[in-house]
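# Sequence first, predicted model second:
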Amino acid sequence: MKRTTTKRIPEIEDIEAVACAVQNIYLSVAAYGLGGYWTSGGITYLEEATYLFGLGGENKFLGFFYIGPVAIPSPSAKRRPLKEKVIWVTE
(Lines give C-alpha, C1' and ligand atoms only; values in the text may rest on other atoms or scores of the structure.)
Protein backbone atom coordinates (compact mmCIF):
# COMPACT_ATOMS: atom_id res chain seq x y z
CA MET A 1 0.00 0.00 0.00
CA LYS A 2 1.49 3.27 -1.06
CA ARG A 3 0.03 6.08 1.02
CA THR A 4 -1.85 8.83 -0.73
CA THR A 5 0.30 11.94 -0.64
CA THR A 6 -1.79 14.46 -2.56
CA LYS A 7 -4.69 14.60 -0.09
CA ARG A 8 -5.17 14.13 3.61
CA ILE A 9 -6.75 10.69 3.47
CA PRO A 10 -6.80 8.57 6.63
CA GLU A 11 -4.52 5.55 6.48
CA ILE A 12 -7.46 3.19 6.97
CA GLU A 13 -8.97 4.38 3.67
CA ASP A 14 -5.78 3.47 1.79
CA ILE A 15 -5.82 0.05 3.48
CA GLU A 16 -9.47 -0.41 2.54
CA ALA A 17 -8.69 0.57 -1.07
CA VAL A 18 -6.10 -2.21 -1.19
CA ALA A 19 -8.67 -4.66 0.20
CA CYS A 20 -11.14 -3.63 -2.54
CA ALA A 21 -8.46 -4.10 -5.20
CA VAL A 22 -7.64 -7.54 -3.82
CA GLN A 23 -11.35 -8.48 -3.93
CA ASN A 24 -11.46 -7.43 -7.59
CA ILE A 25 -8.37 -9.53 -8.30
CA TYR A 26 -10.04 -12.49 -6.60
CA LEU A 27 -13.21 -12.06 -8.69
CA SER A 28 -11.13 -11.87 -11.88
CA VAL A 29 -9.13 -14.96 -10.95
CA ALA A 30 -12.34 -16.89 -10.19
CA ALA A 31 -13.85 -15.81 -13.53
CA TYR A 32 -10.92 -17.53 -15.24
CA GLY A 33 -11.55 -20.74 -13.27
CA LEU A 34 -8.55 -20.32 -11.00
CA GLY A 35 -8.27 -20.05 -7.25
CA GLY A 36 -6.87 -17.18 -5.23
CA TYR A 37 -5.80 -16.64 -1.66
CA TRP A 38 -4.68 -13.45 0.09
CA THR A 39 -2.56 -13.96 3.18
CA SER A 40 -0.69 -11.67 5.50
CA GLY A 41 1.37 -14.40 7.09
CA GLY A 42 5.05 -15.09 6.96
CA ILE A 43 7.25 -12.05 6.40
CA THR A 44 4.43 -9.59 5.74
CA TYR A 45 4.93 -7.48 8.84
CA LEU A 46 8.71 -7.63 9.03
CA GLU A 47 10.27 -4.22 8.40
CA GLU A 48 12.87 -5.81 6.13
CA ALA A 49 10.10 -7.08 3.82
CA THR A 50 8.70 -3.58 3.40
CA TYR A 51 11.98 -2.36 1.93
CA LEU A 52 12.48 -5.56 -0.09
CA PHE A 53 9.30 -4.72 -1.99
CA GLY A 54 10.26 -1.09 -2.56
CA LEU A 55 8.15 0.39 0.19
CA GLY A 56 9.21 2.66 3.00
CA GLY A 57 8.05 5.52 5.16
CA GLU A 58 4.30 5.37 5.74
CA ASN A 59 3.78 2.74 3.02
CA LYS A 60 2.88 -0.78 4.14
CA PHE A 61 3.32 -4.27 2.80
CA LEU A 62 -0.10 -5.90 3.27
CA GLY A 63 0.43 -9.47 2.12
CA PHE A 64 0.68 -11.95 -0.69
CA PHE A 65 -1.97 -13.04 -3.19
CA TYR A 66 -1.51 -16.58 -4.45
CA ILE A 67 -3.09 -17.64 -7.76
CA GLY A 68 -3.30 -21.14 -9.16
CA PRO A 69 -5.47 -24.01 -10.31
CA VAL A 70 -8.08 -25.27 -7.87
CA ALA A 71 -7.11 -28.73 -6.58
CA ILE A 72 -10.38 -29.47 -4.76
CA PRO A 73 -13.48 -27.57 -5.94
CA SER A 74 -15.70 -26.07 -3.25
CA PRO A 75 -18.98 -27.88 -2.74
CA SER A 76 -22.06 -26.08 -3.99
CA ALA A 77 -24.17 -24.40 -1.36
CA LYS A 78 -27.83 -23.53 -1.07
CA ARG A 79 -28.24 -19.88 -0.18
CA ARG A 80 -31.09 -18.43 1.82
CA PRO A 81 -33.19 -15.73 0.15
CA LEU A 82 -31.82 -12.20 0.45
CA LYS A 83 -34.93 -11.00 2.29
CA GLU A 84 -33.99 -13.34 5.17
CA LYS A 85 -30.60 -11.65 5.57
CA VAL A 86 -31.20 -7.94 4.96
CA ILE A 87 -33.05 -5.43 7.08
CA TRP A 88 -33.76 -2.21 5.18
CA VAL A 89 -33.64 1.02 7.18
CA THR A 90 -36.17 3.41 5.68
CA GLU A 91 -36.31 6.25 8.18
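Sure thing, it's come through.

# What are the buried residues along the helix or strand bottoming out on mean pLDDT in the chain?
Within the chain, confidence by mean pLDDT, DSSP states H and E is lowest for helix 47-52 among all helices and strands, at a mean of 84. Within helix 47-52, the residues scored as buried using 16 or more other Cβ atoms under 10 Å are residue 50. C-beta here means a position set from N, CA and C on the backbone, and glycine is covered the same way.

# where's that helix relative to the chain centroid, distance-wise?
Between the centre of helix 47-52 and the centre of its host chain there is 20 Å, according to Cα atoms, centre = their mean, to the nearest Å.

# ok, now stretch 13-24?
Centre to centre, stretch against its chain (Cα atoms, centre = their mean), the figure for stretch 13-24 is 6 Å.

# Would you mind listing the outside residues contacting that stretch?
The contact list for stretch 13-24 (Cβ atoms under 8 Å, 6 or more residues apart in numbering) reads 1, 2, 3, 4, 38, 60, 62, 65.

# Which parts of the chain are strands?
Under the criterion DSSP state E, the chain carries strands at the ranges 34-39, 64-69.

# for the ones you listed, which one sits closest to residue 88?
strand 34-39 (31.1 Å; Cβ to Cβ).
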